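> no FASTA, just this:
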């Protein structure tokens, strides 16, 4: 490995400070790139997922959810965590149906984003879901979620003007826009 | 307040589990929206910032940085945390010069993104910086950073194809693209 691709950090020891069903905080004793001793706190969060679900008439399924951390309502695409052993696509399908009741026949990846990558392990897997079917949502106990349909172009505008700020929603909606989702770019595959 | 805009959570108590110069982990005892008792772990991180710095010939200043948490090199816009009392713009200017040596005469906001908003308080403030001047970078002890200039259109392509995945970089680059940065949309203000 060249110097550029070699890990410039050394981990001397690692201890778990806190563990809950949702996150693990560990503190590592490290030697930093400059050779000094230090500590590094890492918040281990299982990967998450987010779904841009778009109807045949180019409406996007958004959810309005109270975010405890920020003490505010947040307008987002359906997002959520993952269970042990779950694949990103399985997690995305589960979150979509839990939060909106929707299932989809067509799935496409929109890649990943690394959230707060100086601190957390949270990698969010994003998907574009089409050919939607409605069903009953399955809200979890800690969620109070309202489904809202919005023209996709309006959602892009909301991202650009600060109405939508959740990082996975911002990334996924703008990626879908640049792929041409709001224009008639995705004819059904025949 | 209507039911929709009222906080559906109740916080019964709050204790700090861990405190470092970079983050505070607190655990709240809560009553969840469904009325059940529970705990909520919140990772308090000061706001962060990210800068899309674009030269007169539409090259973007990127940095390649080893990310300890993910054990990989990450290609990103200059990003960083904030010090107590710092404004978002001041933090952005400081991070830009620390990581790249660049200063800029023209600054424009690209809004904010909420990272891992189920867990962390990390809000990233994004800026578009133009009219750049070169200088000496001031790398911090825990960073080993390489400055790379790339045509802005290539950076957009890298975001779309998964070469750039850091959440603030993804959001800021795509917002700048949709504002028309890679096209001749920003003539100097006269």
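Good, I have the coordinates. Quick caveat, the model's predicted, so the values are computed rather than measured. Numbers count the residues shown, from 1 in each chain, chains lettered A, B, ... in the order given.
> near chain B at all, the least confident helix or strand in chain A by mean pLDDT?
Least confident helix or strand of chain A, by mean pLDDT, DSSP states H and E, is strand A:145-151 with a mean of 91. Yes - using Cβ under 8 Å from any Cβ of the partner chain, strand A:145-151 reaches chain B at residue A:146. For the C-beta atoms, the positions are set from N, CA and C on the backbone; glycine is no exception.
> quick one: strands adjacent to that strand?
strand A:59-67 (antiparallel) (DSSP bridges).
> Pull out the buried positions in the partner strand.
Across strand A:59-67, burial judged by 16 or more other Cβ atoms under 10 Å in any protein chain shown covers A:59, A:60, A:61, A:62, A:63, A:65, A:66.
> Secondary structure element holding the residue nearest to the third one when sequence neighbours are not counted?
Yep, that's residue A:61 we're talking about. Ranked by Cβ to Cβ, 6 or more residues apart in numbering or on different chains and with sequence neighbours excluded, the top spatial neighbour of residue A:61 is residue A:53, at 4.2 Å. Element membership of residue A:53, judged by DSSP states H and E, is strand A:48-53.
> Which strands or helices does that strand pack on?
If contacts are counted by 3 or more Cβ pairs under 8 Å, 6 or more residues apart in numbering or on different chains; DSSP states H and E, strand A:48-53 sits against strand A:59-67, strand A:79-80, helix A:88-100, strand A:123-133, helix A:167-179.
> so which of these is the most packed in?
helix A:167-179 (a mean of 26; mean count of other Cβ atoms under 10 Å in any protein chain shown).
> what's next to the least confident helix or strand of chain A, contact-wise?
The contact list for strand A:145-151 (Cβ atoms under 8 Å, 6 or more residues apart in numbering or on different chains) reads A:55, A:58-65, A:75, A:99-101, A:137, A:139, A:158, B:4.
> which strands and helices sit next to the helix or strand following it?
Once the chain leaves strand A:145-151, the next helix or strand it forms, by DSSP H and E, is helix A:152-161. Here helix A:152-161 touches strand A:59-67, helix A:167-179, helix B:167-179, going by 3+ Cβ pairs under 8 Å, 6+ apart.
> As a markdown table, these with mean pLDDT and distance to residue B:120 would be great.
A markdown table is the format used below for the helices and strands packed on helix A:152-161 (pLDDT from 0 to 100; distance: least, Cβ to Cβ, whole Å):
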| stretch | mean pLDDT | distance to residue B:120 |
| --- | --- | --- |
| strand A:59-67 | 95 | 11 |
| helix A:167-179 | 96 | 10 |
| helix B:167-179 | 96 | 11 |
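> near chain B at all, stretch A:36-47?
Yes - interface with chain B: stretch A:36-47 contributes A:36, A:38, A:39, A:40, A:41, A:42, A:43, A:45 (Cβ under 8 Å from any Cβ).
> Surely the third one is in contact with residue A:32?
No - under the criterion of Cβ atoms under 8 Å, residue A:39 makes no contact with residue A:32, lying 9.9 Å away.
> Compare the two (neighbour count), which wins?
Neighbour count, other Cβ atoms under 10 Å in any protein chain shown: between residue A:39 and residue A:32, residue A:32 has more, with 19 against 14.
> you'd agree the more buried one is up against residue A:7?
No - using Cβ under 8 Å, residue A:32 makes no contact with residue A:7, being 11.7 Å away.
> No more questions from me, cheers.
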